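# curious how this folds, go ahead:
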Amino acid sequence: MAENTSRGLFKLNGITGMLIATALLLSILAFLLTNAIAVEKREAKHFYDPAPIVSSVDNVKMISKDNAKYDLSKR
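Model (predicted):
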């Protein structure tokens, strides 16, 4: 039976491969984290303003014939 002599500690399937995979995963994590922080900062300046709905009770009606025109597939 032939012995597997192609294994090595510092080859791609050893410590080197593990370090490459770890560095790749950490770089992906850092990229996604910085993008998430950038989105949070941008959206903190342009937040949702519910004033048109809250300021007038006439905008939201519990019983209205206009509710039948609302199409759920366009959400």
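
# got any ranges where this protein has weak pLDDT?
Applying pLDDT under 70 to the chain flags residues 1-2, 4-10, 49-62, 64, 67-75.

# show me where it has its helices.
With DSSP state H, the ranges of helices along the chain come out as 15-45, 51-54.

# relative to I63, which of the ones you listed is closest?
I63 lies closest, by C-beta to C-beta, to one member of those: helix 51-54, at 17.4 Å. Heads up, the C-betas are built off the backbone N, CA and C, glycines and all.

# so can I have CSV of the helices of the chain showing mean neighbour count and distance to K65?
As requested, the helices of the chain are exported to CSV (neighbours: other C-beta atoms under 10 Å; distance: least, C-beta to C-beta, whole Å):
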stretch, mean neighbour count, distance to K65
helix 15-45, 10, 36
helix 51-54, 9, 20
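
# let's have the ones you listed in JSON lines, adding distance to D66.
Compiled in JSON lines, the helices of the chain are given as follows (distance: least, C-beta to C-beta, whole Å):
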{"stretch": "helix 15-45", "distance to D66": "31"}
{"stretch": "helix 51-54", "distance to D66": "15"}
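
# these: which one's closest to E3?
helix 15-45 (21.4 Å).

# using CSV, write out every CA atom in stretch 14-32.
C-alpha atoms of stretch 14-32 as CSV (Å, rounded to 0.1, in the frame of the first residue of the first chain):
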residue,chain,number,x,y,z
GLY,A,14,-2.6,22.5,6.5
ILE,A,15,-2.0,25.5,8.7
THR,A,16,-1.6,27.8,5.7
GLY,A,17,-5.1,26.9,4.3
MET,A,18,-6.6,27.4,7.7
LEU,A,19,-5.0,30.8,8.1
ILE,A,20,-6.1,31.8,4.6
ALA,A,21,-9.7,30.7,5.3
THR,A,22,-9.7,32.5,8.6
ALA,A,23,-8.3,35.7,7.1
LEU,A,24,-10.9,35.6,4.3
LEU,A,25,-13.8,35.1,6.7
LEU,A,26,-12.5,38.0,9.0
SER,A,27,-12.1,40.3,6.0
ILE,A,28,-15.7,39.5,4.9
LEU,A,29,-16.9,40.2,8.4
ALA,A,30,-15.0,43.5,8.5
PHE,A,31,-16.5,44.5,5.1
LEU,A,32,-20.0,43.8,6.1
